[in-house]
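S.K.: predicted structure and sequence below. I'll ask about it afterward.
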Amino acid sequence: MDAYIVKEGKRLRLGYTTGSCAAAAAKAAAWMLLTGHRKETISIMTPKGIALHLPVSDICMEANMVSCSIQKDSGDDPDITNGAHIFAKVMLADAGISIDGGRGVGRVTKRGLDQPVGAAAINSVPRQMITENIEEICRLTDYHGGLSVIIFVPEGEQLAKKTFNPRLGIAGGISILGTTGIVEPMSEKALVDTIRVELRQRKESGYNYVLLTPGNYGADFIRMGMNLDAAIAVQTSNFIGDTLDICKDLGFQGALLVGHIGKLVKIAGGMLNTHSKYGDCRMEIMASNAAACGLVSNKAAEMLECVTCDDALRIMQENNILAQSLARIISRIDFHLNHRGGDLELGTMIFSKEYGLLAKSQNADLLLHKITGG
């Protein structure tokens with residue numbers, strides 16, 4: 001892929017996701033199956049709006065089946081799947097388009113992930129990309145029957161051992177991922193510098209209090225759950241501690257942090273950089289706080305096996321300790337924020353997609369009033 005971004009003065013090459021590879025391989029295989037002709041290159045449009053023109057490898061053509069692969073290229077972003085061949089096998093079927101995973105693609109074994117238990121770990125956006133590209137080929141070839149698509153990755157089971165998949169409840173291979181179809185190299189310094197610029201703009205515009213949120217989940221909740229313009233919030237990504245340092249440096253008086261419990265619960269354990277590469281202690285923190293509120297040991301052990309925070313919240317709710325556990329978690333988040341924030345007036349609101357607003361600091365409403373002026 002010959003596309004670049006510049007970060008920290010460095011020219012970094014973009015890559016493309018396993019989801020893009022799967023969609024491109026499926027499109028090429030469908031075209032070869034329905035036309036009977038080989039396809040050495042294939043083009044797809046990614047959700048990000050960037051077109052990919054990719055070489056097709058490992059072509060195998062039979063009367064009712066074609067398989068081929070696209071080699072993953074993560075650009076200048078380090079990725080354990082870089083160079084892996086993502087295969088698609090497309091077969092004739094009676095009706096509709098079915099998508100499943102084969103060898104080397106993980107299978108979901110625990111609740112709360114993008115796909116239900118038992119399904120192949122091919123996430124929603126890649127599934128949509130595969131379907132749309134297959135439908136395009138059906139229209140071009142005037143084909144009105146069905147097609148069955150199997151995505152497989154021969155080295156996927158070995159690659160998965162280097163990922164969080166076994167811990168998350170995905171067995172037997174890698175996940176087929178990607179929300180934009182494009183892999184963009186990330187620079188921590190560049191992200192923190194961007195946060196500083198945005199906060200400086202707010203301060204110079206006369207604001208003494210600021211609304212903070214880690215990312216898109218928080219922005220969606222601010223818009224739909226709080227009925228506010230999400231643009232008023234500064235996105236911190238994983239850099240909660242760095243953002244508080246910047247707020248102090250710039251002379252802000254306070255901030256309200258709004259975020260998904262899956263991100264912010266880590267702060268209750270003292271993690272002020274919430275990136276998964278520094279640890280994933282969500283269940284340990286939730287289980288320990290629930291146990292402190294009376295959750296019996298076997299239920300705490302069950303909570304430790306949960307994949308998602310929503311599943312852990314379910315156990316709290318079923319055992320009638322949800323409110324007090326969340327109050328305890330909020331108090332621990334506030335403790336660590338205030339330890340880092342010094343004289344800043346700080347508060348927190350946490351939510352989940354399933355349960356909505358979960359808990360908030362005692363001063364959260366006051367801080368929100370100071371931020372919005374209403």
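M.R.: Looks like it arrived, so ask away.

S.K.: number of residues surrounding the closest residue in space to residue 181 that isn't next to it in sequence?
M.R.: Counting by C-beta to C-beta, 6 or more residues apart in numbering, residue 46 is the residue found nearest to residue 181 once chain neighbours are left out, at 2.9 Å. Quick note: C-beta positions are derived from backbone N, CA and C, even for glycine. For residue 46, the neighbour count with other C-beta atoms under 10 Å is 20.

S.K.: residue 282 too?
M.R.: Count around residue 282 with other C-beta under 10 Å applied: 24.

S.K.: quick one: residue 26 and residue 43, what's the gap?
M.R.: 13 Å (C-beta to C-beta, to the nearest Å).

S.K.: more neighbours: those two, which one.
M.R.: Shown here are residue 26 and residue 43; by other C-beta under 10 Å, residue 26 has more neighbours (32 against 12).

S.K.: helix, strand or coil for the more buried one?
M.R.: Following DSSP: H, G, I helix; E, B strand; the rest coil, residue 26 is assigned to helix.

S.K.: now the one 5 residues further on
M.R.: Taken by three-state DSSP, the conformation at residue 31 corresponds to helix.

S.K.: dump the residue contacts of it.
M.R.: By C-beta atoms under 8 Å, 6 or more residues apart in numbering, the contact list for residue 31 reads 37, 39, 42, 137, 140, 141.

S.K.: and the second one, its phi and psi?
M.R.: Backbone geometry at residue 39, expressed as degrees, to the nearest 10, gives phi -130, psi 110.

S.K.: just the strands from the stretch 1-150 of the chain, written as ranges.
M.R.: For the stretch 1-150 of the chain, the strands defined by DSSP state E, counting those that start in this stretch cover 4-7, 10-13, 15-16, 41-45, 51-55, 57-61, 65-71, 85-93, 97-101, 104-105, 107-108, 146-152.

S.K.: reformat those as TSV; add mean pLDDT and distance to residue 280.
M.R.: TSV is the format used below for these (pLDDT from 0 to 100; distance: least, C-beta to C-beta, whole Å):
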stretch	mean pLDDT	distance to residue 280
strand 4-7	57	26
strand 10-13	71	27
strand 15-16	92	24
strand 41-45	97	33
strand 51-55	96	32
strand 57-61	98	35
strand 65-71	98	30
strand 85-93	98	26
strand 97-101	98	24
strand 104-105	98	22
strand 107-108	94	18
strand 146-152	98	26
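
S.K.: residue 248: which of those strands is closest?
M.R.: Nearest to residue 248, of all those, is strand 4-7, at 25.7 Å by C-beta to C-beta.

S.K.: between the strands of the stretch 1-150 of the chain, which gets nearest to residue 284?
M.R.: strand 107-108 (22.4 Å).

S.K.: list the contacts of the helix ranked longest in the chain.
M.R.: Secondary structure assigned by DSSP state H gives helix 322-341 as the longest helix of the chain. Here helix 322-341 makes contact (C-beta under 8 Å, 6+ apart) with 240-241, 244-245, 247-248, 255, 257, 261, 264-265, 267-270, 272, 285-286, 289-290, 292-293, 295, 313, 316, 344, 346-348, 350, 358-361.

S.K.: return the set of buried residues in it.
M.R.: 322, 325-326, 328-330, 332-334, 336-337, 340-341 (16 or more other C-beta atoms under 10 Å).

S.K.: swap in stretch 217-226?
M.R.: Buried residues in stretch 217-226 (16+ other C-beta under 10 Å): 217, 218, 219, 221, 222, 226.

S.K.: nearest residue to the fifth one in space, please, no chain neighbours.
M.R.: This means residue 222. Leaving aside its chain neighbours, residue 222 sits nearest to residue 230 (4.7 Å; criterion: C-beta to C-beta, 6+ apart).

S.K.: next one: the last one
M.R.: Taking C-beta to C-beta, 6+ apart as the measure, residue 226 lies nearest to residue 258, with 7.5 Å between them; neighbours along the chain are not counted.

S.K.: in a helix, that neighbour, correct?
M.R.: No. When the secondary structure is assigned by three-state DSSP, residue 258 falls in strand instead of a helix.

S.K.: list the beta-bridge partners for it.
M.R.: Beta bridges link residue 258 to residue 349 when assigned by DSSP bridges.

S.K.: closest to residue 198 out of the strands of the stretch 1-150 of the chain?
M.R.: Across the strands of the stretch 1-150 of the chain, residue 198 has its closest neighbour in strand 4-7 (16.5 Å, C-beta to C-beta).

S.K.: these two touch, right, residue 235 and residue 210?
M.R.: No. Counting by C-beta atoms under 8 Å, residue 235 sits too far from residue 210 to count as a contact (11.4 Å).

S.K.: ok, the two, which is more surrounded?
M.R.: Taking neighbours as other C-beta under 10 Å, residue 235 and residue 210 compare with residue 210 leading, 25 against 18.

S.K.: helix, strand, or coil at the more buried one?
M.R.: Applying three-state DSSP: residue 210 is strand.

S.K.: chain neighbours aside, what residue packs nearest to it?
M.R.: residue 255 (4.9 Å).

S.K.: what element comes up after the strand or helix carrying the one you found heading to the C-terminus?
M.R.: Using DSSP states H and E, residue 255 falls within strand 254-260. Per DSSP H and E, strand 254-260 leads on to helix 261-264 as the next helix or strand towards the C-terminus.
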